[in-house]
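A.B. asks: here's a sequence, model it:
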Amino acid sequence: MSKYFKIADEFYKIYVPYFNQLVEHPEVGGKIQENELKLQFFITDLKARIMLDCCNVNSKVICGYNDLEADIKMWLKSDSAHRLWLGKLTFNPAIMSREIKVLGPVDKLKGLSGIFKPAADIYKKHLLKMGYKDLLR
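C.D. replies: Next up, the predicted model:
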């Protein structure tokens, strides 16, 4: 059971607007668009799915099931996702330890390495703005 989220709707309530901010952010969204990626996150403990479709300038966030084929698929628990975007879980070691399971071209993942620091800053501000100060711990 998740320490932070009880149901998928809680997760979506936070992450859909957060990921929309990421895809619109010049540095973070620009890096994902530069690599023309469709990233899909499978949140295993909540049976939630979120896809970032950043293959063109009209990037979008899709929650739930969809028919699009992702370039990179990632499976992780909601607590791991929270810690990753908060900056408390490092991406590459989490992949090596299998806390995050990845399917897709590894060379495209290298292009994402620079997004996590600015993404963590955006996430912290997003949580505060939404009134989730308690999730910053």
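
A.B. asks: quick one: the strands in the protein, in order.
C.D. replies: Using DSSP state E, the strands of the chain run over 37-43, 48-54, 60-63, 72-76, 101-103.

A.B. asks: partner strands of the shortest one and their direction?
C.D. replies: Using DSSP bridges, the strands paired with strand 101-103 in its sheet are strand 72-76 (antiparallel).

A.B. asks: the inter-axis angle of the strand it pairs with versus strand 37-43?
C.D. replies: Here the directions of strand 72-76 and strand 37-43 differ by 20 degrees (axes from the mean of the first three to the mean of the last three C-alpha atoms, to 10 degrees).

A.B. asks: hmm, who's touching strand 72-76?
C.D. replies: 37-44, 84, 94, 99-105, 108-109 (C-beta atoms under 8 Å, 6 or more residues apart in numbering). C-beta coordinates here come from the backbone N, C-alpha and C atoms, glycine included.

A.B. asks: now render the strands of the chain as TSV, adding mean pLDDT.
C.D. replies: What follows is these, written out as TSV (pLDDT from 0 to 100):
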stretch	mean pLDDT
strand 37-43	92
strand 48-54	93
strand 60-63	92
strand 72-76	95
strand 101-103	94
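
A.B. asks: a markdown table please, covering those strands and showing mean neighbour count and distance to Gly29.
C.D. replies: Output for the strands of the chain, formatted as a markdown table (neighbours: other C-beta atoms under 10 Å; distance: least, C-beta to C-beta, whole Å):
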| stretch | mean neighbour count | distance to Gly29 |
| --- | --- | --- |
| strand 37-43 | 22 | 11 |
| strand 48-54 | 22 | 7 |
| strand 60-63 | 16 | 11 |
| strand 72-76 | 19 | 16 |
| strand 101-103 | 14 | 20 |
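
A.B. asks: adding distance to Ala8, write those strands out as JSON lines.
C.D. replies: Shown next, in JSON lines, are the strands of the chain (distance: least, C-beta to C-beta, whole Å):
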{"stretch": "strand 37-43", "distance to Ala8": "7"}
{"stretch": "strand 48-54", "distance to Ala8": "4"}
{"stretch": "strand 60-63", "distance to Ala8": "9"}
{"stretch": "strand 72-76", "distance to Ala8": "14"}
{"stretch": "strand 101-103", "distance to Ala8": "19"}
